[in-house]
Structures are given as C-alpha cells and as structure tokens.
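> for reference, the sequence and a predicted model appear below.
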Amino acid sequence: MDAINEFFNYSVSLGESFKISVKGVIVILVLFIAISIFLKFIKRLLTRKLLHEDKLKFNSVFSFTQFFIYLVVVLISLQNMGAELTAILAASAALLVGIGLALQTFFQDIISGIFILVDQSVHVGDIIEIDGKIGRVVEINLRTTRAVTVSNKVLVIPNHKYLTSILFNWTENGILTRESIDVGVAYGSDVVLVKKILLQAAEEHPKVLKDPPPGVLFMDFGESSLDFRLVFSVDDSFTVNLPKSDIRFRINELFIQNKVTIPFPQRDVYLKQTN
C-alpha cells in the first residue's frame, strides 16, 4: 500500500513553485474522459432530431466549442496544482500579441464560419456569387467554404469574406431565377415582329420554363437602335449561359430569315484638304 501511495505521490518539479505528480496527471486524464463522455451525451441529445446536413454543421461548431472546454479544463487543473499561470501569461504577453496578430484572419474565418452555420445564410447546394466569382457550394467548413465553378474549378473561400464582401445567393429564394437577354434592332424595324421573334426563340428552348412565361420589354430608343429585353425563367441558373447562348443563336437565325437588322455604330469621317 505504501508503495502505491508513493507511486501516486511521485512528482516532478517544473519550476520553483510548480510540481506535477502522477496523481495530478491521473486526475487530468479522468477529467478529460468524464468530460468527453458528457459532451458525447450532450451532442447525441442535441442532434438526435436533426437532419444529416444539419448534423454536419452542428459537428463543426461543437468541435470548436469542445476545444475551448478542454483548454479551460487544462488551465484550471494546472493552476490547482500550483502553476502560476498569471506569471506565465504576463511573461509571454508579447509572444501572445504576435501570435494573435498572425492568427487574426484565422480567427475571423472561424467566427465567420460559426455565423454562417448559425445564420443559415449559405447551404450546401446553393449557387453563390462573391467578389465576381460564381460557384455551387459543395462543402462548408469552420474556416473555409468550397464551391465548384461552371468550368469545374474549385473555389476555396475564406469564411471572413462573407463579412467583408457582398454575397449574392442565387438560390436562397428557390432554384427558379429570372434571366434576360438584351438586343437592339435598327430604326424602322417592325417592333411587333421583333417581339414575336424574341418570344419564339425563348419558347422553343427546352430549358426555358413555360410558367411564368417569357416576356419582352421595349427598353429604350437608343442612339442607333431600338432596344429590347427578352425575359425568361430557368430552374438551373448555374448553367444559364448555355441556354442564353442557344437563344442568341436562334434570335440571330430568325432575324436573318425575317430580314430584321441588328445595327452597329457608324461614324462618317470627312477629310478637309488645306493648301
């Protein structure tokens, strides 16, 4: 029995006022195991009714919280064993400031990630536009968001960008989006025929939705053209440039067939000869 007590009380000095014993190490390990079991129970209790996607988001936030809980337990345990944490922190204040400045963006990313997960402003599958880049979100992590562009390139977006840049979520109100194509025709053109052609080009395309139906707006009397806008709806805005291109090809074909002219700017230059 004495040998066991001697083993548990065996300690190693790590400073003038701090000794760590086998008993202290065991206490810390037991605390870690107990807290780990308790946190797993809480996690299971809170996520039992969540959807799979929501569980993944909760796990990211929970892992971040779990790290801080373990850190606080270690600090409290060391202080109870005699470690003067105040002196240590004061001595390393300059180092901590340097580390804090170096990790400033890192912590901004993490905090922004928590806001995204809690606020539900972005979901996996959403089509987003940020800083002129467009992509479909495939993964939301605590520090970064990954999205895939139309050209199958991966965008790795630091989460702090959501706080410093304007975010366009194309699909937050649903997958249906209203798109448009602008076209100008020469003065003197039959505007009724132009409207008919534009509607025909849109209605013929399989990607254009019938409800709501396409529409044509007479936008303005331009400098050298009558300006129209063809408006239509699609349910896949991520690849909308493809049907837009098809519709433009069809409009040009129908204009040629019906002798509708698309004007282009012209300039007359007069040269004056001087002796």
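Noted; the coordinates are in hand. Numbering: from 1, shown residues only.
> look up phi and psi at the most centrally placed residue in the chain.
Central residue check for the chain by CA atoms, centre = their mean: the C-alpha nearest the mean position is that of Thr145, 5.1 Å away. Comment: the main-chain dihedrals of Thr145 come out as phi -120, psi 130, following degrees, to the nearest 10.
> next: the one 3 residues further on.
Geometry field for Val148 lists phi and psi as phi -110, psi 130, criterion degrees, to the nearest 10.
> tell me what the residue nearest to the centre of the chain is bridged to.
When assigned by DSSP bridges, Thr145 has beta-bridge partners Ile140, Ile157.
> hmm, it is touching Ile157, no?
Yes. The pair Thr145 and Ile157 passes the contact test of CB atoms under 8 Å, sitting 4.5 Å apart. C-beta: built from backbone N, CA, C; applies to glycine.
> assign Arg229 to helix, strand or coil.
Recorded secondary structure, Arg229: strand (DSSP: H, G, I helix; E, B strand; the rest coil).
> now it: closest residue in space that isn't a chain neighbour?
Leu217 (4.4 Å; CB to CB, 6 or more residues apart in numbering).
> quick one: contacts for that neighbour?
Going by CB atoms under 8 Å, 6 or more residues apart in numbering, Leu217 touches 228-229, 231.
> scan those and report the most crowded one.
Phe228 (21 neighbours; other CB atoms under 10 Å).
> does it really touch Lys196, like I thought?
No. Phe228 lies out of contact with Lys196 (CB under 8 Å); the separation is 11.5 Å.
> just to revisit the earlier point, list the contacts for the residue nearest to the centre of the chain?
116, 122, 137, 139, 156-157, 159 are the contacts of Thr145 under CB under 8 Å, 6+ apart.
> over to the residue lying closest to Pro212 once chain neighbours are set aside. Which of the three states is it?
The shortest distance from Pro212 to any residue that is not its chain neighbour, by CB to CB, 6+ apart, is 5.6 Å, and that residue is Ser233. The assignment at Ser233 comes out as strand when based on three-state DSSP.
> and Ser233, bridged to which residues?
According to DSSP bridges, the partner residues bridging Ser233 are Arg178.
> surely it touches Val208?
Yes. Under the contact definition of CB under 8 Å, Ser233 touches Val208, with a separation of 7.1 Å.
> identify the contacts common to the two.
If you check Ser233 and Val208 against CB under 8 Å, 6+ apart, the residues they both contact are Pro214.
> what is the end-to-end distance of stretch 124-132?
19 Å (CA to CA, to the nearest Å).
> begin at 662 from now on, thanks
With the count now opening at 662, the last piece we talked about shows up as stretch 785-793.
> and the contacts of that stretch?
By CB under 8 Å, 6+ apart, the list of residues contacting stretch 785-793 from outside reads 714, 783, 795-801, 808, 818, 822-823, 826-833, 898-899.
> just the buried members of those?
783, 795-798, 801, 808, 818, 822-823, 828, 831-832, 898-899 (16 or more other CB atoms under 10 Å).
> farthest pair in the residues you listed?
Taking CB to CB as the measure, the buried ones among the contacts of stretch 785-793 reach their widest spread between Lys822 and Ser898, a distance of 20.9 Å.
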